Every structure is written in C-alpha cells, then in structure tokens.
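In: For reference, the sequence and a predicted model appear below.
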Amino acid sequence: MATTIEMPKLSDTMTEGTLLRWIKKVGDSVEVGDVIAEVETDKATMEMEAFDEGTLAEVYVEEGQKVQVGQKLAILTAEGEEAPKAPSESKKIGADKKEKAPTDEPAVAGKKPLNKEVVRSASEATTESPQQSMPTAGTAQTRSKASPLARKVAAELGVELQQVSGSGPGGRIVRSDVLSAAKTEQKGPERAKTAPTPETLKTDQRISLSGMRRTIANRLLEAKTTIPHFYLQAEIDAQPLISLRQQINSAAEAAGLPKITVNDFILKATAVAAAHVPQANAAFAGDAIIQYADVQLACAVAIDEGLVTPVIREAQRKSLSQISSEIKDLAARARSKKLKPEEYQGGTITVSNLGGYGVEQFFAIINPPQSVIVSVGAIVAKPVVNAQGQVVAGQRIALGLSCDHRVVDGAIGAQLLAELKRLLEVPALMLI
Amino acid sequence: MDGRGVSNYCFMKYDLIVVGGGPAGYVGAIRAAQLGKKVACVEKERAGGTCLNWGCIPTKSLLRNAELFQLMQKRSADFGFHFEKLSYDWPKIISRSRSVADKLAGGVEYLFKKNKIDYLRGEAAIPAAGKVTYKDRSGKEETVEGDHILIATGAVARELPGLPVNGKTVVNSHDAMIIDPQPKKLIVIGAGAIGVEFAYFFNAFGTEVTLVEMLPNALPIEDTEISVALEKSLSKQGIKIFTNTKVASAKAEKGEVRVNLEGKQAQELQADCALIAIGVSPIVPAGVSITLDKKGFISVDDRYQTNVPGIFAAGDVIGPPWLAHVAMWEAIQTVEGIFTKGFRPQRVKEFPGCTYCQPQVASIGLTERAAKEQGLKFKVGKFPFSANGKALAAGEPEGFIKILIAEPHGEVLGAHIVGPEATELIAELGLAMKLEATYEEIEATIHAHPTLSETVHEAVGAAFGEAIHI
C-alpha cells in the first residue's frame, strides 16, 4: 500500500511549514523512525520522521517551499509496488512558488522564529528558550539496553552505546550492532576527510545552510551583538572532585549502577550555585528583570549538524544521580534527534563543557534570554602552589563565566563563580 | 449444507491461510490470530503435525518407558530394589505413546477454536497466490481465498534408494513407533538423533540392535568428544555401532532383511527389521510453481517469502535443521514479518539440538571442530557429572558438560552436554548465548545446590582453572 506523507502539525500554532531539505531522496528506502525531511515551523526547525516504511517514490514539494499543514509532501510505496500517479493538483495547493529557497535568502526564513522568540521573552518572561548554544563535551554514557558482550566490544572499539540502535530482542544492542556502528563511524571520519578538509578538496564547496545551522547563526549573532557580555574566570582544584567521583563510581560499579561523570558534578554544582545566587538565574525582559524561582539547567550537547541544549527541569531539587541519568537520556536522545521541543526550551542557565575535547579554557556566548553561561574546560595536571607554599602536582579545571551585564553585575557573577568553586572543591557540600 | 459448514468460508477472504497444522503451521496460525487476523489452517491428517503425532512427543513417551525399564532391570540392585519376573507389556507401551499424542493433538484443536481459527480438513493445493484448495476424505474440493499463504507442510522420512519402506521388514520412524510385535533383531540405518533414539529404545527392551552410520561418529553433527562418549555408553548398553560404514545393497525378504555393508564394517547383516533414519524429504504442495533448492526444499527470502509474492514458507519444508522448535520460531518470524509493521524477521542462528537416549545429548552453538575451522580463539571448560553432588545422589554420574568460551571477550561459542537431563540443562546456555552473556555473567550467577545446573557454572569456571569441585 502506498502511504501519503503530509505536512505534520508540529506545534499548536503551526499552520504552515517550510520544507527546508529532503534528507531522503526519491528511490531511497525508508524505515519507521527515519528522518525524511527537515521542516521549519514558526518556532523551530524540526526533523520529520517516517511513521511507515517503504520507498520514497515521489516528492511533491521542492526544498524551500512553504507548505500548508496537511498538504501532501511525498508518497511512500511498499516493496515492489509502483508509485501512484502524482496528484498534480497537490503540487499547486498552497505551494508558494514565489517563496525563495532558503539558501537564496537565509535571513528571511531564519530570523522569523528568532524575532518572535525575543519579543516573547521580553514581554512575558518566557518559558521558551533558545534551542541552540555552544557545543559541549557530553561524553556521558547512557544505560543502554545492551548485551554484556556488546558492552565489552563497544568499550574496546570506543563506540558509544547510545549511538547504536539495537537489533536484539526488545531492541537490545547486540555485538553485531556495535560492530556495524563501529564500521559506520569509521566511514564517517573518512568521508569527513574527503569532504570539508581543504587539502583534499578539488574545488571550493558551497554548503547550503541547514535549518539548524541557520538558527545557530542568527541566534548567536544576535546574542553576541546585542548582549553586553563580560567574562570571569577561575581555576578550581579538581582533586577532591576526582577522588569523590572515584569513590562513588567504584560503589556504583559494585552495585551495578551507572557511573557519574565529571560533567554531572558540574551540572549539579551549577544548579545549586544558581539557586544560591538567584540574581544570576535571571533574564533581561526589556523593562524588567525576571528572576526565576527554579533552575532550569540547560546543557549544550554537540550533535552531527550543530548543537542543542536540552534542559534539566528544576535542577536545584534533583540529586546528583537524577541529574546524571537525566542528562544521559537527554543527550542520547538529542544525538538521535528524538528530543521534543519542550525538552530543549525554557532553560534559565546553561553549562557548556569542551573539556572532553581537551580545551583548557574558553568563554561561550550567552544563550538568550538567559544571563549566564558556564564554560568548562578539561581537567589539566599542572604544578600548583599548595597551602604550605610548596609547588606540587595538581589537577585543575578552568571555569569561565559569560554574563549579561544588563542583568548580572561583576560582583554577582563573581559570587556565582565563587559558589561554583566552593561546591566543586568541597564536592560533598552539593550532596547535602 | 449445515450452517457452520465449510462452504460458508468460501465467500470470505482470510488474512492468512496456513497450509499444514504441525509446529510451524499451528504456531503461525495462532500468532496471526493473536495479531487480530482472520486465519484458516488446512490440515491433511491431524493438527500437531509430525512432531506431535509421529515424532517428538510419542517417541519421548516410548523413551521414558525404555529408561524406566532399563533402570529397573539393570540397576535396581544399586538402589536396593528387587523385582521378581520383571516384565513389560509391549502393546501397552505403544498405546501409552499414542494416547499422549492424542491428548496433545486435541489440545491443538482446542487452541484453534480458542483463537477462532478455521480448521479445515483435507489435502491442500495452491493453484495460485491467494488461493488454497483442499480435498476432504470424500473427495469433495473446496477453495478458500486469503491475502497471504504460509506453507508449513513439513517433511516425511527420506527413503533409502534400493530399500523401499514396506512397513514390516523395512520401516521408517513412523512405523517404528507402533511396530508390533517387537523386532528381535534390528538394523538402524543412520545415527542421527532419530536413529540413535530408536536404537536406544529397542535395545533397552532387549532387541539386538546394530546402528549403521556412514560418517565417522554417531550423532555426527555433535561435538566429536560428545559423540565418542555417547558411542562408548551405547556400546556398553549392548548396541553395536558401525561408523564409517555404508549400505552397499540391501534386500527385503519375507520376514527378514539383509543388508550388505561397505566401509569400516564391510559385512552382511541379517535382521527381522531395518529402520531407515537418514533424514527427511520435503512435502511441497501441488499447484503454483514454487522455486526449490537443490535438495527439493522450498527457497525463501529474508522474510520467508517464496518466489511467489504472498506465499511464504516455514518449518521443515524450507530445509534443515528439521526441528519442531525451530519450525515454531520460523513461523512466528514469518507471521510477525507479514503483519507487524517494522518487524524484521530473522533466520535461525543458534538453536538447541537434543537427543533423548540415555545418557541424553544436548548442544547449542559451535562444536569445537567448527570453532577451529572458523579460526576462532577460544577456551574449553569441561566438567564431569561424576563430580556433581546431585548427579551422584540421583545415580547418574555418567557424562560431562563442555563449554566453548571465546577469547578475548568471553562469550559462549557453544555448549555440549552428554549426561542426565542434558536436554533441560541446555536452556540456560541458550539464554546465555541469546543474551550474549560472557563467562563473567555465568560465573556471577548463583546456581542452586545441589542441582545438575551447577555443572554449567563449574564448566565455565573450569575454562579459567576456577572450577571448585574438581
């Protein structure tokens, strides 16, 4: 049976959407859950998933075209089946041929959601937050359903289980899944080498902006040019944190519980610190400043095409292990593009961690309408002067704070940073 | 025509018509009904197929008799029992086996009713995709239509060229389980699971049995070490086992059969009966032309579909392993593949194989020789039942368990058991393999004491020099 794919209603207010890009091309086979296309709504760029399997037999809408909700986009046919004749009228219905492709005029399509959001956040102390921010080193391990053998092989090959889809009973990840994931991962970088690396490129390439890339471009330009950023930096002694983590994890391992990452501690500390310094857990709202009652903690997660900032709700109330399991789940689903909009909207403060990439220190761009973003560097072994005035080997992490001076003054930012330092250097404090 | 008669069915279209009511057929039909589909199952003889009527189940009944008789006759003194004039009633042994089969076949018919499956009796043909005809005993032909057809017609015992089955002096497994009177001398040709089980059964009741196998070992697909141990045990029980030996010619005469052997045991054998147990041939329904493989079994694709769209096949009719549990599993794969969106049917990979003589033999996964042929790195862990408390208490110290543990990750490559309750013990290892457990998970699992299952734990430990009781 041929299945018609229509423009889905992706949000309550959506009446039409722009088909930004066909991910699947005519002739491609489609499995349930595959992303078929990217659609831009009034609020965000979203990925449209297939609810049926088959072959993408025909598409009725060109990239960049605006389409009414419910209008036919494409047709899926079952194996061996012929595509029905294209409903020629549907090509016309609601299809605004004058609308330019997004690559021709990226600002038009991209700015719309941004403007709307800024207006809203200034007027009604929004629950909505930007979806994109700086990348992070979210190397957290999810508790995926995987066989013991798959886990061993994954650890050996450095495959992250949350990136792997399982073919075993009940979606369990088995060895063959890990092996094929490892193969595609191997292919990935190879392809990357031959594509964007200038030395191997024969000619210059013009890469059309994806919806997400366009949103990142607009939002961060807006943030960096309209928000008066200032930056604070402190180095913390990571030794107590490392020791506590080892203690917790060896107990967790014995009990078969998931491990806690350094990033989990930083998230927990940020949640507690933001609750202690509410002036920093705030937004600039034009004629007022909104101080939030709860810490909606956003964490930047790098994904293939850009990044997203999933949000841990009321993070100040959550335990370290709750935060840990929640961010693992969110990050995994972010990478597999399964986040719902409400899961990445409404953050009040963001953590961006590039430590996993070996970055020692950086300052991220603020994620409006938030006022603060915490930038976390790698744990670095270096000589330090101890309390006795001796030079000894130490483990340090550089924390950067980017603040919106309209909301947060230097002293408030400093208070927040000091609180973070206090909590991370005596990490038992955040467990109380 | 009565109101609920078959002719009413002619006017409706089924979602699935299953041809054959054996393990693949009835399980496929029930699963489709569970998925809310309208299903018919056409059966020529009786629901339950070979397994239930003329295979697994009735032979297990016979073998239970053999095992009890052997225990009482040969080992009663060990247990402190004395029997005077211990005897048996051959017709009763056979009728017990038949009544067990009857009971279970009735159970399948009940399941059809419960799942609202139309159970159609007659010999089926498939004139075209979507159509099944069946002829009942009176010769009346009916036609039913359905969107999908599942062929689950199974197989019958293969004949030995030059020695046709006559049901008296030359028999197949079907005949052998109701043979009366009991043969005095029996030649069993083929030492696969069926041949070995019948050899054991008849020998236990005093028939003089010679087991002839072309390949180097009895149960040739099993791990060689297991086969050798079994051969020793069966020889001790009195069975003559001629391996590397082949039938050159044979002749059935009145009241006896003569078989000329060539190979290792080139000689002429005479017996009152020969049992042919050399595998099976598929039963392919008549009608539309379906592509077969070289050996005549139906060829299917990844979704168990034949070359004719809409016609699927599962079970013995698509080739080895000819096992009821594999047939059931394949039928479920097929039916889910047809009706459940996004379901990807799989082909059988690891499956347990069981032989119910005493000592029992059971295995799953790779034999040591297969693992070596594949160039795999592995460790072998072995543990004898003679070092297991429960086996000693039960008076069953014979046999051992052997587990192949892959290196470097420690997954189970294969497991092989010869000994008491081997066929029950193999389940744990099947689960371990399906879940891709490594030796660490098995070692970390507490096995109840005293049980035979401790041997699984100990064998895994033995692979790393960590078995406790040896």
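Out: Done, it's in.
In: Any idea what residue A:236 is bridged to?
Out: Under DSSP bridges, the beta-bridge partners of residue A:236 are residue A:397.
In: Report the contact partners of it.
Out: A:396-397, A:399, A:420-421, A:424-425 (C-beta atoms under 8 Å, 6 or more residues apart in numbering or on different chains). Where C-beta positions appear, they are placed from N, C-alpha and C, glycine not excepted.
In: Swap in 6 Å and give it another go.
Out: With C-beta atoms under 6 Å, 6 or more residues apart in numbering or on different chains as the criterion, the residues that contact residue A:236 are A:397, A:421, A:424-425.
In: Which one (most neighbours) among those residues?
Out: Of all the contacts of residue A:236, the most densely surrounded is residue A:424 (26 neighbours; neighbours counted as other C-beta atoms under 10 Å in any protein chain shown).
In: That residue and chain B, how far apart?
Out: Using C-beta to the nearest C-beta, to the nearest Å, residue A:424 is found at 35 Å from chain B.
In: Low-confidence stretches in the chain?
Out: In the absence of a named chain, this looks at chain A. Applying pLDDT under 70 to chain A flags residues A:1, A:11-13, A:42-43, A:79-143, A:185-202.
In: my bad, chain B
Out: Ranges of chain B meeting pLDDT under 70: B:1-11.
In: For it, what lies in contact range of chain A?
Out: Neighbours of chain A within chain B, by C-beta under 6 Å from any C-beta of the partner chain: B:342, B:409, B:411, B:435-438, B:441.
In: Please repeat the previous calculation with a cut-off of 8 Å.
Out: Taking C-beta under 8 Å from any C-beta of the partner chain as the test, the list of chain B residues beside chain A reads B:309, B:341-342, B:344, B:409-411, B:434-438, B:440-441.
In: Just the buried ones out of those, please.
Out: B:409-411, B:434-438, B:441 (16 or more other C-beta atoms under 10 Å in any protein chain shown).
In: Could I get the residues you listed in CSV, plus columns for distance to residue B:461?
Out: Converted to CSV, those look like this (distance: C-beta to C-beta, whole Å):
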residue, distance to residue B:461
B:409, 17
B:410, 12
B:411, 16
B:434, 22
B:435, 19
B:436, 20
B:437, 14
B:438, 13
B:441, 13
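In: circling back: among the contacts of residue A:236, which are in strands?
Out: residue A:397 (DSSP state E).
In: Report the contact partners of the residue of chain B found nearest chain A.
Out: The nearest approach of chain B to chain A comes at residue B:436, 3.3 Å away (C-beta to the nearest C-beta). The contact partners of residue B:436, by C-beta under 8 Å, 6+ apart, come to A:147-150, A:168, A:174-175, B:411.
In: mind redoing it with 10 Å?
Out: Applying C-beta atoms under 10 Å, 6 or more residues apart in numbering or on different chains, we find residue B:436 in contact with A:146-153, A:168, A:172-176, B:409, B:411-412.
In: and those residues, which are buried?
Out: A:146-153, A:168, A:172-175, B:409, B:411-412.
In: Relative to residue B:144, how far out is the spatially most central residue of chain A?
Out: Taking C-alpha atoms, centre = their mean, the centroid of chain A lies closest to residue A:308, which sits 2.2 Å from it. Per C-beta to C-beta, to the nearest Å, residue A:308 is found 55 Å from residue B:144.
In: Show me what residue B:258 is bridged to.
Out: residue B:251, residue B:270.
In: Tell me, how many residues neighbour it?
Out: Residue B:258, neighbours per other C-beta under 10 Å, totals 16.
In: just residue B:197 next, same as before
Out: Burial of residue B:197 is recorded as 23 neighbouring residues (other C-beta under 10 Å).
In: pretty sure it is in contact with residue B:357, am I right?
Out: Yes: at 5.5 Å, residue B:197 counts as touching residue B:357 under the criterion of C-beta atoms under 10 Å.
In: Narrow the contacts of residue B:436 to those in strands?
Out: The strands, defined by DSSP E, take in residue B:412 from these.
In: next SSE after the longest strand along chain B?
Out: Identified as the longest strand of chain B according to DSSP E is strand B:141-151. Later in the chain than strand B:141-151, the nearest helix or strand by DSSP states H and E is strand B:155-157.
In: Determine which two of the buried ones among the contacts of residue B:436 are furthest apart.
Out: Spanning the widest gap among those are A:173 and B:412, at 17.9 Å by C-beta to C-beta.
In: how deep is residue A:381 tucked in, by neighbour count?
Out: Applying other C-beta under 10 Å, I find that residue A:381 has 10 neighbouring residues.
In: Quick one: residues contacting residue B:406.
Out: Neighbouring residues of residue B:406 by C-beta under 10 Å, 6+ apart: A:149, B:366, B:371, B:376-379, B:412-414, B:438-439.
In: try 8 Å
Out: With the criterion set at C-beta under 8 Å, 6+ apart, residue B:406 makes contact with B:376-378, B:412-413.
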